[in-house]
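Novice: This is the structure alone, sequence omitted:
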């Protein structure tokens, strides 16, 4: 296979006259074949211009962080522990940080031992490592409908089959989960785990109710399904105390993922997995294979921040700031959006899920929206199966309340035009640049 | 498969009375089956005690780093660019750092564009991402004999078949490479790439001669074999200017890997891959799937260090420090080791490869060595096929010259005893704790 016919246009001899742009195209692994850049990326490059209001990105607003505190904590760290912070560390992660991670998780009712925590390069890497150790090609991962684009990207890259399970305003629907399990198994396929984001869901903005949590756990226990609980936003609720984690009531059947990206700094890339002991051992081996060890320097910087700063007070400030932005978005949606649109009111996190009037295609409309200087992520990005064209994710995390209002006003204008065109011509052809396609769009840090 | 019989001892119901330690054992991916902790790890835990001279680890000696310079560069970074350094960054890596990486590579004759550089979480992650995008189960990777334990771990974790190619004092043997290619292809298998460490090889300590470099490139070109050139030690030569990289003379057929772990700080976990354009695109997509983006914070810290400090002068100091340690090890080997041992004199890097007297098994002897307060890595760690029991890797990077001398003295004592036992009893049974096994030992950061 590698000596015919790739040999004729191999690395030493690039293919002639533009017929083959990638001389390696025949050499990649099967898992790489589907790894293509999303065509909406080019639009996001445009969307990053200052005149565009981006309601697309998932970047936290870290402008409130006390840079003087962070700077002096890190300065002290280098002065007192430089030779450790600059050296290789444990593949499992810094022991002091793992203790602190257990403190953080205690806020959600989790009693855990630092030995069962593995530090990862953001919780994205935790999704990657868990998938790596569990999933063979063709294995099924159950995900909410819709689900986090970055996790879908990992599942695809390990050639998993994603089966979406219905969610509603109360989160994942227990009956739908039960039915999905039964029907996947009836088809002879193997379910490796349920991937779920119980709190302030990305992208759906909903939270699994306290009533449903034990039911979801009971179903998974009964059907012997491992739960991968991804919880980056759990401490960013606007109304009440943090919800009790699924992991708090089920230690052996849940792998819990957490992150400092939304409550402190994404640039540190410090997340973690809390896993049953035997799984944790595999995760450490996988981490060592992937990176030898996560960065000592940023782990110790996070640890220094946590131990020198009132991080819970800081999170409280963040919650207030995000609540104000959520309120601005809710008000703008009510003020400007066509009556045939629907959306939810998230109680925390970064995102609102908007359902568009029947027949409007969010992906086809995106170039027109960007031209009107507003950006969003089309719903199709959050489904593995081409669904979601009638929805979009709006983020309220990054722009100011004023910009959010202006962005929603522009978006509503684009929608009105779209609906008028539909009334006049029956249907709007998709833009040539973003033709309808099945599948979802590859993740990018802009979409995180 | 997931409903029988795993269902009976699944996550919710741990197996009873110790019959099954890992209730997930039937659930892992095929790639995970072989992922087991090395039995020599327990010994290395002992070997990390201060009374043991460890000639095992690959940790650089960073005690010479100017902590005041590093601390103030990072302090300034937070003060002036905190909101960027603490935020998500590009999946490909910080553009300013990628420019600087091109400057670093120029020292080895490489002319490259920052667009073709992907920043990785140490060059370990670069090996992981390259393997991820190229290798299906059963694909062959050609490696030197011996080869870097961390790379072997990655190849194993992606279910590659490693085929070792002979190396001698001049590095990889061209005729052996040609023969390996022919014989692997004759067996119908697909070679995905040649993984090679041309400079100051880990673990062999040898360097590919200037005469052989064009021959290796010619063979790979002719047989259409991609080269993965791993070069963490290239700037740490003791005698002369850096060697010209393979990549300097072949842009399309070589992926070059570099790292700041040995020339600045491993705790930053900043490495990189320089790849042909189409491959670079796949690597970025793989990086986004694995981590969203490498840590902005440590990338910008490395960048600040490079732009505020005389990093080349710092590397010159490191070379002198390592040369002194290499000299101490050479002298001690000459003074203490049995005449039937052989070793090479490395011209740079961290490692010496020692061939033991016939019949002595380095792995079986390790517990006795640790008891005598000296540690090394048995040669078997560096082979995928069980070879190497008659060799060991000694590191001179981390202990002081005095400790190196003492360590070699202790090691020679253990060897003498071993040989006496052999003379008396014919053969020494392997210790129960470290029975001979085929395959290599999983990597750990201690072995890097």
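Specialist: Great, that's in hand. It should be emphasised that the depicted structure is a prediction, and the values quoted were computed from it without experimental measurement.

Novice: which residues in the stretch 51-200 of chain A form helices?
Specialist: Assigned helices in the stretch 51-200 of chain A, in chain order: A:67-85, A:95-106, A:122-134, A:149-157, A:174-186 (criterion: DSSP state H, counting those that start in this stretch).

Novice: Reformat those as a markdown table; add mean pLDDT and distance to chain B.
Specialist: Any C-beta I mention is one placed from the backbone N, CA and C, and that applies to glycine too. Formatted as a markdown table, those follow (pLDDT from 0 to 100; distance: least, CB to the nearest CB, whole Å):
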| stretch | mean pLDDT | distance to chain B |
| --- | --- | --- |
| helix A:67-85 | 94 | 4 |
| helix A:95-106 | 98 | 13 |
| helix A:122-134 | 98 | 5 |
| helix A:149-157 | 95 | 5 |
| helix A:174-186 | 98 | 6 |
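
Novice: Go through those helices and pick out the most buried.
Specialist: helix A:122-134 (a mean of 28; mean count of other CB atoms under 10 Å in any protein chain shown).

Novice: thought residue A:412 was touching residue A:340?
Specialist: No: counting by CB atoms under 8 Å, residue A:412 sits too far from residue A:340 to count as a contact (11.7 Å).

Novice: who has more neighbours, the two?
Specialist: When neighbours are counted by other CB atoms under 10 Å in any protein chain shown, residue A:412 comes out ahead of the other of residue A:412 and residue A:340, with 18 against 13.

Novice: Mind giving me the packing neighbours of the helix or strand hosting that one?
Specialist: Here residue A:412, judged by DSSP states H and E, is contained in helix A:401-425. Packing partners of helix A:401-425 (3 or more CB pairs under 8 Å, 6 or more residues apart in numbering or on different chains; DSSP states H and E): strand A:53-54, helix A:311-336, helix A:362-371, strand A:374-375.

Novice: contacting residues for residue A:147?
Specialist: A:162, A:164, A:195, A:197, A:382-384 (CB atoms under 8 Å, 6 or more residues apart in numbering or on different chains).

Novice: Over to residue A:118?
Specialist: Residue A:118 makes contact with A:92-93, A:126, A:129, A:272-273, A:275, A:280, A:283-284, A:287, according to CB under 8 Å, 6+ apart.

Novice: let's go with 6 Å and repeat that
Specialist: Residues in contact with residue A:118 (CB atoms under 6 Å, 6 or more residues apart in numbering or on different chains) are A:92, A:273, A:280, A:283-284.

Novice: quick one: which of the residues you listed has the most company?
Specialist: Most neighbours among the contacts of residue A:118, by other CB under 10 Å: residue A:273, with 27 neighbours.

Novice: gap between it and chain B?
Specialist: The span separating residue A:273 from chain B equals 14 Å under the rule CB to the nearest CB, to the nearest Å.

Novice: got the contact list for the closest residue to that residue other than its chain neighbours?
Specialist: In space, and not counting its chain neighbours, residue A:273 is closest to residue A:126: 4.2 Å by CB to CB, 6 or more residues apart in numbering or on different chains. With contact taken as CB under 6 Å, 6+ apart, residue A:126 is in contact with A:120, A:257, A:271, A:273.

Novice: could I get the helices of the stretch 51-200 of chain A as a markdown table with distance to residue A:244?
Specialist: Compiled in a markdown table, these are given as follows (distance: least, CB to CB, whole Å):
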| stretch | distance to residue A:244 |
| --- | --- |
| helix A:67-85 | 31 |
| helix A:95-106 | 11 |
| helix A:122-134 | 19 |
| helix A:149-157 | 22 |
| helix A:174-186 | 17 |
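
Novice: Between those helices, which one is closest to residue A:28.
Specialist: helix A:149-157 (11.8 Å; CB to CB).
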